[in-house]
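Colleague: sequence first, predicted model second:
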Amino acid sequence: MGNPLNLPFDPIERAHDNWTHRWGASPAMAAVTSVMRAQQILIGELDGALKPFGLTFARYEALVLLTFSSTGALPLGKIGERLMVHPTSVTNTIDRLEGQGFVRRLPNPSDGRGVLAEITDTGREVTEQATQALLGMEFGLSCYSDDELWRMHEMFTRLRVDFGDFPAPVAGSAERH
């Protein structure tokens with residue numbers, strides 16, 4: 001559990017009131033500030049739940065990605081691409097996971113200079129245990145209904161499409177719920 005602020009007022013509302021008096025109302029400012037605070041809260045909660053497993057959420061994501069691959073191994077560049085992180089972050093993440101015995105590095109047979117990260121049996125076990133812990137706390141989002149969570153996901157999907165992460169999904173092509 002994180003460290004709640006326990007303030008007698010909403011600092012984001014207060015900031016927006018001040019903003020409005022100076023520059024005019026900005027729902028975008030209020031929304032982005034709320035998103036950033038939500039991210040702080042969630043990372044704190046998720047990392048707290050993963051700490052008993054020796055993981056951070058970033059390391060957990062890498063392990064999950066490796067469990068999803070058909071061979072349990074992926075090139076480091078592909079890991080960075082799929083997790084949408086800088087190559088240096090991937091290297092640091094894999095270094096830590098390797099040090100914990102959760103992954104091992106292997107030469108990439110299809111790229112003589114490349115390296116694969118492969119999940120170990122210990123890595124698979126810890127991933128399963130950590131996943132159960134995250135599911136048990138609903139990834140820190142238990143205050144929302146399933147319908148609200150799907151709407152939230154759809155709203156952020158639109159932002160990611162607009163940014164250029166991937167093309168817009170075809171309407172009706174991916175029924176999720």
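Modeller: Nice, I can see it.

Colleague: in the helix ranked longest in the chain, what counts as buried?
Modeller: Ranked by residue count, the top helix of the chain under DSSP state H comes out as helix 27-50. The neighbour-count check on helix 27-50 (16 or more other C-beta atoms under 10 Å) flags 30, 33, 45, 46, 47, 49, 50 as buried. (Glycine included, C-beta is placed from N, CA and C.)

Colleague: spatially nearest residue to the third one (excluding sequence neighbours)?
Modeller: When you say that, I think you mean residue 45. Excluding its sequence neighbours, the residue lying closest to residue 45 (C-beta to C-beta, 6 or more residues apart in numbering) is residue 140, at 3.9 Å.

Colleague: list the contacts of the one you found.
Modeller: Neighbouring residues of residue 140 by C-beta atoms under 8 Å, 6 or more residues apart in numbering: 41, 42, 45, 46, 49.

Colleague: residue ranges in this structure under the pLDDT threshold?
Modeller: Scanning the chain for pLDDT under 70 picks out 1-2, 172-177.

Colleague: the residue in the chain sticking out farthest from the centre and residue 155, how far apart?
Modeller: Farthest-out residue of the chain from its mean C-alpha position, per C-alpha atoms, centre = their mean: residue 21, at 35.5 Å. Distance, residue 21 to residue 155, by C-beta to C-beta, to the nearest Å: 28 Å.

Colleague: element containing residue 160, please.
Modeller: Residue 160 belongs to helix 146-163 when assigned by DSSP states H and E.

Colleague: report the angle between that helix and helix 27-50.
Modeller: 120 degrees (axes from the mean of the first three to the mean of the last three C-alpha atoms, to 10 degrees).

Colleague: quick check: buried residues in helix 146-163?
Modeller: Of the residues in helix 146-163, none is buried (16+ other C-beta under 10 Å).

Colleague: would residue 118 count as being in a helix?
Modeller: No - counting by DSSP: H, G, I helix; E, B strand; the rest coil, residue 118 is not part of a helix but strand.

Colleague: in JSON lines: the contacts of residue 140, plus distance to residue 25.
Modeller: As requested, the contacts of residue 140 are exported to JSON lines (distance: C-beta to C-beta, whole Å):
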{"residue": "41", "distance to residue 25": "25"}
{"residue": "42", "distance to residue 25": "27"}
{"residue": "45", "distance to residue 25": "31"}
{"residue": "46", "distance to residue 25": "33"}
{"residue": "49", "distance to residue 25": "37"}
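
Colleague: out of those residues, who's nearest residue 88?
Modeller: Taking C-beta to C-beta as the measure, residue 88 lies nearest residue 46 of these, at 21.9 Å.

Colleague: how about the strands in the chain?
Modeller: With DSSP state E as the criterion, the chain has strands at 73-75, 103-107, 115-119.

Colleague: isn't residue 33 up against residue 12?
Modeller: Yes - with contact defined as C-beta atoms under 8 Å, residue 33 reaches residue 12; the gap is 5.0 Å.
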